[in-house]
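A.B. asks: Need coordinates for the below:
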Amino acid sequence: MNEVWILAETKAGKVAPVSYELLSWARSLGGPAEVAVTAVLAGPASDPEELCYRGADAVIHGAEPGLSGFSARPLSAWLASLFGLRRPTVLLAAATATGRTVLPYLAASEGLGLTADCTELSLDHQSGVLLQTRPAAGGNIMATIRTARGLPQMATVRPHSRKALDRDPWLLFDLRGRTREEVLEDLHNELGTRLPLDEAGFITIHLAGARVAGDPERAMSLGRALHDVVELVENELGITVDPSGPSTTRFLTHVKFVIQRLTHNKAFAGSFDEIFQTLKRQYPDTHACATHIGEYLQKQFDTSVTEEEELYLMLHLRRLQDDVAGPEAAADATE
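C.D. replies: Model prediction:
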């Protein structure tokens, strides 16, 4: 399966609308069985989960303030570090000040190809080659360009060149070619109960997690695991977690990502020992909680949790703690 990343942007502390247009571009490159879409979100944002409602299969969120704005060096360095963990087939960005600054810098530093201001994109699913069409010769001809020598193949598209997908929880679930109304009719015929579209969409959000597990039995294991992780966090850190709150939803989404990587033998691995040891010393309670979550997941899913995955859990546990404690307590903790 080809993996397509989009460089999502922020505006006034929220996901910028142009990011949703990029998701529409990414989704146009193939169906769920052909293309996996990941939104790479740079900078603080209060609503990263919105990207999942607009077509992203996963979100990688770099919430550090230094990643927002037009500074090419830190953002391109962060993207290059992500490539060291997993290198997508395609990276798309908007032809905004950010996209036009960061992607050329990244292309030069990583030795990658880049096509600017594309008006049409298509993907050969067998070869993974991205066909990028843009005006040339003063706009008199349309040129189709291939940059398949290195991955990812990078392109920018102009803002407002494609309509964003509507916000829809059903985008989180593979309907296998059927309409939502047909799925609701199947449920009515099977259960004798007719669900409103909004309520069915809410249920769908939870069912979508079953894709990580792969079958009903493992889906139940996933649900139990997430419930147990919430209990473990509350007991270990002495905080009260709102199961339906946005902070908890965001944290559990990242736990799902960990489980998905572990169950597909794609756990993070790399040289992050210095960062790990620093956080371990600075936040011993968070480290202990992450360790116990890792031990639980190892037992539950018969796999091993790397130090890098523990670091990933620690980072998102700290964010959950800060969200629950509030901004003033978070500021006190860092002084």
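
A.B. asks: okay, CA-based contacts and neighbour counts for the rest of this
C.D. replies: Noted.

A.B. asks: Would you state the strands of the chain in chain order?
C.D. replies: Along the chain, the segments classed as strands by DSSP state E run 2-8, 10-11, 14-15, 35-42, 58-62, 90-94, 114-118, 120-124, 129-136, 141-145, 153-157.

A.B. asks: Mean confidence (pLDDT) on the fourth one, please.
C.D. replies: Looking back up the chat, that one is strand 35-42. Regarding strand 35-42, the rounded mean pLDDT is 89.

A.B. asks: which regions of the protein lie under the pLDDT threshold?
C.D. replies: Filtered on pLDDT under 70, the chain yields the residue ranges 31-33, 69-70, 168-184, 186-188, 190-191, 193-221, 243-246, 266-272, 326-335.

A.B. asks: center of it, which residue is that?
C.D. replies: Val59 (1.1 Å; CA atoms, centre = their mean).

A.B. asks: Name the nearest residue to that one, sequence neighbours excluded.
C.D. replies: For Val59, ignoring the flanking residues on the chain, the nearest one in space by CA to CA, 6 or more residues apart in numbering is Ala39 at 4.8 Å.

A.B. asks: need the contact list for that neighbour.
C.D. replies: Remark: with contacts taken as CA atoms under 8 Å, 6 or more residues apart in numbering, Ala39 is in contact with 5-8, 23, 51, 56-60.

A.B. asks: Give me the nearest residue to Cys130, chain neighbours excluded.
C.D. replies: To be clear, residue 130 is Leu; Cys isn't right here. Excluding the flanking residues, the one nearest Leu130 by CA to CA, 6+ apart is Leu123, at 4.6 Å.

A.B. asks: Same question for Glu234.
C.D. replies: Spatial nearest neighbour of Glu234, chain neighbours left out: Thr240 (5.8 Å); criterion: CA to CA, 6+ apart.

A.B. asks: and the gap between the residue nearest to Val59 and Thr240?
C.D. replies: Computed as CA to CA, to the nearest Å, the Ala39 to Thr240 distance reads 30 Å.

A.B. asks: next one: Leu151
C.D. replies: Counting by CA to CA, the gap between Leu151 and Thr240 amounts to 44 Å.

A.B. asks: Give me the more crowded residue out of those two.
C.D. replies: The residue with more neighbours, out of Leu151 and Thr240, is Leu151; 19 against 14, by other CA atoms under 10 Å.

A.B. asks: The more buried one and Thr89 touch, don't they?
C.D. replies: Yes: in this structure, Leu151 sits in contact with Thr89. The criterion is CA atoms under 8 Å, and the distance is 5.8 Å.

A.B. asks: Pro152 versus Ser46, what's the distance?
C.D. replies: Here Ser46 is placed at a distance of 28 Å from Pro152 (CA to CA).

A.B. asks: and if you look at Ala93?
C.D. replies: Computed as CA to CA, the Ala93 to Pro152 distance reads 12 Å.

A.B. asks: okay, the two: which has more neighbours?
C.D. replies: Comparing Ala93 with Pro152 by neighbour count (other CA under 10 Å), the higher total belongs to Ala93, at 29 against 24.

A.B. asks: for the more buried one, what are its contacts?
C.D. replies: The contact partners of Ala93, taken as CA under 8 Å, 6+ apart, are 6-8, 22, 99, 103, 154-157.

A.B. asks: how near is Ala80 to Tyr105?
C.D. replies: Here Ala80 is placed at a distance of 11 Å from Tyr105 (CA to CA).

A.B. asks: One more: His287?
C.D. replies: Distance, His287 to Tyr105, using CA to CA: 36 Å.
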